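Novice: give me a 3D structure for the following:
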Amino acid sequence: MNNIYIPPVVKNLLIINILLFVATYLLPNLNLGNLLAVYYFDSPNFRFWQPITYMFMHGGIGHIFFNMFALYSFGSLLESRWGAKKFLTFYFITGLGALALQMAVQAYEVHSVLGQVTMFEGWQKQISSEEALGTLQGVYGSQMVGASGAIFGLLVAFGMLYPNAELLILFIPVPVKAKYIIPVYILIELSLGIAQIQGDSIAHYAHLGGALIGFILVKIWKDKNTNFYTYYE
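Specialist: As a prediction, this is how the structure comes out:
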């Protein structure tokens, strides 16, 4: 255990996420969930800081565990490769990109109901369809939390830079190369986002947004060094 190395940005991200998760449950009077989660930009609950703070909030122990495990697993390698500043820039840009795509989809849903993106106050009076009203209530009243968008960006970056790295995947008995499993994972997210399964509370388009921005950034940066063991030098 003494040989485990966690780069400084990853370490601080882990600490902040865990502290806020614990505080959310130990200090319910602070109402951190509503304050720091992000709402649709046209919602009366939206605050200007939420596009950043939502990345540090999580909805349950499973949610934060898998996100933090992925942050440690993939983020440590990428930060060691890129350096702290570049890694942190990548992390926040992919997190914001995830939110941008999710809100764009929500704006489309609102537009499909009202014909325009409108202010929250008064739209209840304009809607007679129960399904349409439910769509608007879901968009304006729901909140999004989690580092998953940024994590998907890290996942895509890892797959692009280390395509032949073998990953152990739950329920798959043999290691699978990153260049095979990560595109499949992205396609699954896309299909689930399009399907819009009732009761599914996962922001699949946010995951896709983080993945897309991660792909674009790696292409722009033209990082060609594919020596997996650079991490240990």
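
Novice: by contact count, what packs against the longest helix along the chain?
Specialist: Criterion DSSP state H: the longest helix present in the chain is helix 84-114. When contacts are defined as 3 or more CB pairs under 8 Å, 6 or more residues apart in numbering; DSSP states H and E, helix 84-114 sits against helix 8-26, helix 50-53, helix 76-82, helix 130-141, helix 148-161, helix 204-221. C-beta coordinates here come from the backbone N, C-alpha and C atoms, glycine included.

Novice: what's near enough to touch Leu168?
Specialist: By CB atoms under 8 Å, 6 or more residues apart in numbering, the contact list for Leu168 reads Pro175.

Novice: for it, grab phi and psi.
Specialist: Per-residue torsions, Leu168: phi -90, psi 120 (degrees, to the nearest 10).

Novice: mind checking how far it is from Trp49?
Specialist: Between Leu168 and Trp49 the computed distance is 38 Å (CB to CB, to the nearest Å).

Novice: with Ile64 instead?
Specialist: In terms of CB to CB, Ile64 sits 20 Å off from Trp49.

Novice: out of the two, which sits in the busier spot?
Specialist: Ile64 (22 against 10; other CB atoms under 10 Å).

Novice: tell me who's in contact with the closest residue to the more buried one other than its chain neighbours.
Specialist: Nearest non-adjacent residue to Ile64, counting by CB to CB, 6 or more residues apart in numbering: His58, 3.8 Å away. Counting by CB under 8 Å, 6+ apart, His58 touches Asn17, Phe21, Ile64, Asn67, Val145, Gly146, Ala147.

Novice: neighbours of Asn31, how many?
Specialist: By the criterion of other CB under 10 Å, Asn31 has 10 neighbours.

Novice: now it. Its backbone dihedrals?
Specialist: Torsion angles, degrees, to the nearest 10, at Asn31: phi 50, psi 40.

Novice: please apply the same query to Tyr40.
Specialist: phi -50, psi 140.

Novice: my guess is it meets Tyr108, correct?
Specialist: No: applying CB atoms under 8 Å as the test, Tyr40 and Tyr108 come out as separate, 11.9 Å apart.

Novice: more neighbours: those two, which one.
Specialist: Ranked by neighbour count (other CB under 10 Å), Tyr40 and Tyr108 place Tyr40 first, with 24 against 11.

Novice: quick one, grab the pLDDT at that one.
Specialist: Tyr40 is assigned 95 on the pLDDT scale.

Novice: identify the residues contacting it.
Specialist: Counted by CB under 8 Å, 6+ apart, Tyr40 has contacts Phe46, Met103, Gln106, Val139, Tyr140, Ser142.

Novice: at 10 Å what do you get?
Specialist: Contacts for Tyr40 (CB atoms under 10 Å, 6 or more residues apart in numbering) come out as 46, 102-103, 106-107, 109-110, 117, 120, 136, 138-144.
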